[in-house]
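Undergrad: Sequence below, structure please.
(one chain, ligands or ions: 1)
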Amino acid sequence: MTSDRRRRAVVVGASVAGLLAARALSDTCDEVVVVDRDELVDGPGRRRGVPQGQHVHGILARGQQILEEYFPGVTGELEAAGAVVGDVSGDVRWIMDGVAMSKADSGLLAVSVSRPVLEAHVRRRVRALANVTFHDRTEAVGLTFDAWPRRVTGVRTVSRDHPDVVRVLPSDLVVDTMGRGSPVPRWLTDQGWPAVPEERTRIGLTYTTRHYREGVEPSPGDISVDIVATPDSPRGVICARIDGGRQVVTAYGILGDAAPTDPEGFLDFVKSVSSPEVYEAMVDAEPLDDPVSYRFPASLRRRYERMASLPEGLVAMGDSVCSFNPTYGQGMTVAALGALVLGEHTAGDGPPDPVAYFRDLARDAVDEAWRQALGNDLAFPDVEGVRTPEILADQEYIGRVLAAAQENGMVAAAYARVIGLVDRPEALRTPAVRAALKDE
Ligand SMILES: Cc1cc2nc3c(=O)[nH]c(=O)nc-3n(C[C@H](O)[C@H](O)[C@H](O)COP(=O)(O)OP(=O)(O)OC[C@H]3O[C@@H](n4cnc5c(N)ncnc54)[C@H](O)[C@@H]3O)c2cc1C
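TA: Residues are numbered from 1 along each chain as shown. Prediction:
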């Protein structure tokens, strides 16, 4: 920023996307204010605004790389706090339709940690930035616009300590990181802006999660076992070693199928997936809590990039723009990619051009993750959606890649790098990978 005036950004929502937005803006703005309606205590703890935090939460390899770039040493800090670290392909046991994928190191780190611990570490690092301040227990209730509502000039807030007083936080830029339920699209239509186009893929997913003491493990030495739901076996279970000497076990079903929350029903569901190892280990493991459920009706993408015009002084990122089927573990990484885009678009003088920002956010942060997620979701015959020739061809090709990955560690590692959003999908079409496919 080279102009004389100090530039102030207000980030609304202090979960992973908001924290990463604040980190990006700390380089390009003079002052960054982060607002959240929850109380943000030091250290990990469950909080109301992030109910998904109790369930398994893996960060993809690209997200881990960006975290480490933004907060050098954070991987070591997480490991010191109990995170289990290894290779995303060599130390993770992937099972599909009862068959395990071959294992070979991909060169990419998997950091297995509970969501509250991850968020607490990132928050601590953001709090340490000199030009970032936090206003917690503060709810955003609206935006302020200049007389002709072309430009957002601030955020209307209410503090939990003074619920009758609406305060305006003036800003040059507001970043909406309020998550999937963000009220910003409604605030815009209230001002006469057209509705933000939305796309949904109804998946009817339910996560049910229970924690166990580490000791009896389904695949000793591995970070996690991921028995993936497939069209032939549409129930999945993930068992990951995490901080606190614990294992988190998340079982999931789609289209209304759900693991029960009573301990016996939960174990029966875990037993019904395509491979027995998690069930066999959990029968003897010590549970640390009762199972809890979370329903995720549909993936949701808000197509801001399709708006012909948008008010200046307002952008969005993270789940408020795109909330993915969580079984692919993409949300936090897409938020991290979004922070990179935000940093680029705020590096110059003046406010970012929102139309250009959302175009680049779609292209550089969201499109590839959405393409992968949609292709996977639409492989389930009862999931509604348009199966374009490209999607069908890609599903057929990925099926062959996965078949080869059962015997060939190089192919499995290449696949892990693509779904980790590190390599582009073309990396699965190199001569070496093709040579490993049957009927090529
Ligand atoms: C069950 C489940 C499992 C998941 N597993 C994974 C995984 O394995 N890997 C992965 O990468 N992602 C996963 N995700 C997605 C991941 O949780 C999100 O992508 C990530 O938290 C980033 O979201 P966000 O910061 O945009 O929004 P959120 O995490 O939803 O946070 C929104 C924040 O905004 C605050 N807020 C909301 N409204 C207001 C308001 N009016 N005023 C002030 N503050 C407000 C809330 O308190 C909250 O702090 C999962 C999601 C679910 C539902």
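Undergrad: and Val175, how far is that from the ligand?
TA: Going from Val175 to the ligand by CB to the nearest ligand atom, to the nearest Å gives 10 Å. C-betas here are computed from N, CA, C, even on glycine.
Undergrad: Wait, Lys184 touches Leu314, no?
TA: Small correction: residue 184 is Val, not Lys. Yes. Using CB atoms under 8 Å, Val184 makes contact with Leu314 at a distance of 7.5 Å.
Undergrad: who has more neighbours, these two?
TA: Comparing Val184 with Leu314 by other CB atoms under 10 Å, the one with more neighbours is Leu314, at 25 against 22.
Undergrad: Surely Arg160 and Glu139 touch.
TA: Yes. Between Arg160 and Glu139 there is a contact under CB under 8 Å: 7.4 Å.
Undergrad: neighbour-wise, which of the two wins?
TA: Neighbours of Arg160 and Glu139, each counted by other CB under 10 Å, are more numerous for Glu139; the result is 16 against 12.
Undergrad: and that one, what does it touch?
TA: 37, 157-160 (CB atoms under 8 Å, 6 or more residues apart in numbering).
Undergrad: PyMOL command to pick out the buried ones of these?
TA: Remark: buried members of those, expressed as a PyMOL selection using 16 or more other CB atoms under 10 Å:
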select buried, resi 37+157+158+159
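Undergrad: Run through the contacts of Glu139 and flag the ones next to the ligand.
TA: Arg37 (CB under 6 Å from any ligand atom).
Undergrad: Please name the nearest non-neighbouring residue to Leu337.
TA: Excluding its sequence neighbours, the residue lying closest to Leu337 (CB to CB, 6 or more residues apart in numbering) is Ala365, at 3.7 Å.
Undergrad: Spell out the secondary structure type for that neighbour.
TA: In three-state terms, and counting by DSSP: H, G, I helix; E, B strand; the rest coil, Ala365 is helix.
Undergrad: The closest residue to the ligand within the stretch 101-250 of the chain: helix or strand, and which one exactly?
TA: Using CB to the nearest ligand atom, the closest approach of the stretch 101-250 of the chain to the ligand is made by Gly179 at 2.5 Å. Counting by DSSP states H and E, there is no helix or strand that carries Gly179.
Undergrad: related to what we said a few turns ago, which residues do Arg160 and Glu139 both contact?
TA: Common neighbours of Arg160 and Glu139 (CB under 8 Å, 6+ apart) are Arg37.
Undergrad: buried set for the longest strand anywhere in the chain?
TA: The residue-count maximum for a strand in the chain (DSSP state E) belongs to strand 198-213. Residues 201-212 are the ones in strand 198-213 that count as buried (16+ other CB under 10 Å).
Undergrad: contacting residues around the most centrally placed residue in the chain?
TA: With the centre of the chain defined as its mean C-alpha position, the nearest residue by CA atoms, centre = their mean is Gly331, 1.5 Å away. Residues in contact with Gly331 (CB under 8 Å, 6+ apart) are 16, 318-319, 323-324.
Undergrad: and if you look at Asp105?
TA: Residues counted as contacts of Asp105 (CB under 8 Å, 6+ apart) are 87, 89-90, 413.
Undergrad: can you give me the strands in the stretch 51-200 of the chain?
TA: Secondary structure of the stretch 51-200 of the chain (DSSP state E, counting those that start in this stretch): strands at 84-87, 92-96, 99-100, 109-112, 132-135, 138-145, 152-159, 162-170, 173-176, 198-213.
Undergrad: who are the neighbours of the fourth one, in terms of helices and strands?
TA: In this structure, strand 109-112 packs against helix 61-70, helix 74-80, strand 84-87, strand 235-242, with contacts taken as 3 or more CB pairs under 8 Å, 6 or more residues apart in numbering; DSSP states H and E.
Undergrad: swap in the longest one?
TA: Here strand 198-213 is seen to pack against strand 246-253, helix 263-271, strand 292-302, helix 367-377 when contacts are counted using 3+ CB pairs under 8 Å, 6+ apart.
Undergrad: Can I get stretch 206-223 in PDB? Just the C-alpha atoms.
TA: What follows is stretch 206-223 as a C-alpha-only set of coordinates in PDB (Å, rounded to 0.1, in the frame of the first residue of the first chain):
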ATOM      1  CA  THR A 206     -24.500 -37.200   8.100                       C
ATOM      2  CA  TYR A 207     -21.300 -37.400  10.100                       C
ATOM      3  CA  THR A 208     -21.300 -39.300  13.400                       C
ATOM      4  CA  THR A 209     -18.200 -39.000  15.500                       C
ATOM      5  CA  ARG A 210     -16.800 -40.600  18.600                       C
ATOM      6  CA  HIS A 211     -13.300 -40.200  20.200                       C
ATOM      7  CA  TYR A 212     -11.300 -43.200  21.600                       C
ATOM      8  CA  ARG A 213      -8.100 -43.400  23.600                       C
ATOM      9  CA  GLU A 214      -5.100 -44.300  21.400                       C
ATOM     10  CA  GLY A 215      -3.700 -47.800  22.000                       C
ATOM     11  CA  VAL A 216      -5.800 -50.200  19.900                       C
ATOM     12  CA  GLU A 217      -5.300 -49.000  16.400                       C
ATOM     13  CA  PRO A 218      -6.800 -50.200  13.100                       C
ATOM     14  CA  SER A 219      -3.500 -49.900  11.200                       C
ATOM     15  CA  PRO A 220      -0.600 -49.500  13.600                       C
ATOM     16  CA  GLY A 221       2.000 -46.900  12.600                       C
ATOM     17  CA  ASP A 222      -0.400 -45.200  10.200                       C
ATOM     18  CA  ILE A 223      -1.800 -41.700  10.800                       C
END
